[in-house]
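Asks: next one to model:
(one chain, ligands or ions: 2)
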Amino acid sequence: MLFGGIEAGGTKFVCAVGDQNGNIIQKVRIPTTVPEETMGRVMDFFKAFELVAIGVGSFGPIDVDRGSATYGCITTTPKVAWRQYPIVRTLQEAFHIPVGFHTDVNAAALGEATYGAAKGLDSCLYVTIGTGIGAGAIVGGKLLEGLSHPEMGHTVVRRHPEDLYRGRCPYHADCLEGLAAGPALKERWGAEGAALADRSEVWEMEGYYIAQALLQYILILSPKRIVLGGGVMGQKQLFPHIFKHVEALLSGYVKLPALESYIVPPALEDPGVIGSLLIAEQAYKKEYTSIVS
Ligand code: ADP
Ligand code: ZN
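Replies: Ligands and ions are numbered 1, 2, ... in the order given. Below is the predicted model of the structure:
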């Protein structure tokens, strides 16, 4: 049985065909340009296979409310060409198979919980710190959704006493994403994150912000493990700064496992695309179960 998975990102779409055991048979990277071009190439790639379902883990915000007229669309993205783009309907009309739809970070959380750093846990969090900041959560073995999907990257944080940078979130200026995503690092410090590796004050401040967000997530969701991914987390020296601040903020109030085993890097190379394949499998099972019952 073959599934299609799409990790739809702002700079690239990673598409894969895989089986029910998490084996990837073929994978491609397609640049994110305009929907017609990018999705045309995505669909050409999938047409060579007999797929039974497709899963999408998408950049957002997206409409995941099945009762909504715009379910399956990318909604208020700053990427103008993709605003209100009906990605689910487009795939359904082309392939006539079930299509599952979640955020990219929820897909990554599912991937890591099934095969990666949170394998076997019914509760975990996947946080990406890249061009933006976002998090997906598994709670009670299920992807967390409510009114819509969570938007944990826009959490409010206390300012670092030495930070004079105004922040760059177009909605809130100095939310977590506005102060700590890759583009904020570049604007505040004048260089790409990768070029700031030996500037300890950069990672001290970055750890200060990330730890505050993790504190909120720990207090509210009580995840059994937190996986930190995304380009900025390529700076492994960030982890000890995060541990130090999480410990100070929690002040012994919540009993956690050793932080090195609790706040960890991803174990999968592409958790988002693996998760998208799992979302496809879930969509297939849901459809099948509803037909037979
Ligand atoms: P995206 O979030 O667009 O899917 P990434 O997770 O790769 O992609 O994040 C890209 C961001 O991460 C950019 O702002 C980039 O500057 C930053 N980044 C990428 N690699 C590194 C690195 N090794 N160290 C620090 N920052 C990095
Ligand atoms: Zn914000």
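Asks: so which bits of stretch 154-165 are buried?
Replies: Under the neighbour-count criterion of 16 or more other CB atoms under 10 Å, stretch 154-165 has 154-155, 157, 160, 165 buried. C-beta coordinates here come from the backbone N, C-alpha and C atoms, glycine included.
Asks: with stretch 44-61 instead?
Replies: Buried residues in stretch 44-61 (16+ other CB under 10 Å): 45-46, 51-61.
Asks: what about those residues, which are in helices?
Replies: Counted as lying in helices by DSSP state H, out of the buried residues of stretch 44-61, are 45-46.
Asks: got JSON lines for the buried residues of stretch 44-61, with distance to Thr32 too?
Replies: JSON lines is the format used below for those (distance: CB to CB, whole Å):
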{"residue": "Phe45", "distance to Thr32": "15"}
{"residue": "Phe46", "distance to Thr32": "17"}
{"residue": "Leu51", "distance to Thr32": "22"}
{"residue": "Val52", "distance to Thr32": "26"}
{"residue": "Ala53", "distance to Thr32": "23"}
{"residue": "Ile54", "distance to Thr32": "18"}
{"residue": "Gly55", "distance to Thr32": "18"}
{"residue": "Val56", "distance to Thr32": "13"}
{"residue": "Gly57", "distance to Thr32": "14"}
{"residue": "Ser58", "distance to Thr32": "11"}
{"residue": "Phe59", "distance to Thr32": "8"}
{"residue": "Gly60", "distance to Thr32": "14"}
{"residue": "Pro61", "distance to Thr32": "16"}
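Asks: and the buried residues of stretch 44-61, which is closest to Pro266?
Replies: When these are ranked by distance to Pro266 (CB to CB), Gly57 comes first, at 13.9 Å.
Asks: gap between that closest one and Ile6?
Replies: To Ile6, Gly57 is 7 Å away according to CB to CB, to the nearest Å.
Asks: check Val80 too.
Replies: Between Val80 and Ile6 the computed distance is 21 Å (CB to CB).
Asks: these two: who's more crowded?
Replies: Neighbour tally, Val80 and Ile6, criterion other CB atoms under 10 Å: the higher count belongs to Ile6, 31 against 7.
Asks: so the more buried one makes contact with Phe13?
Replies: Yes - distance between Ile6 and Phe13: 5.9 Å, which falls inside the contact criterion (CB atoms under 8 Å).
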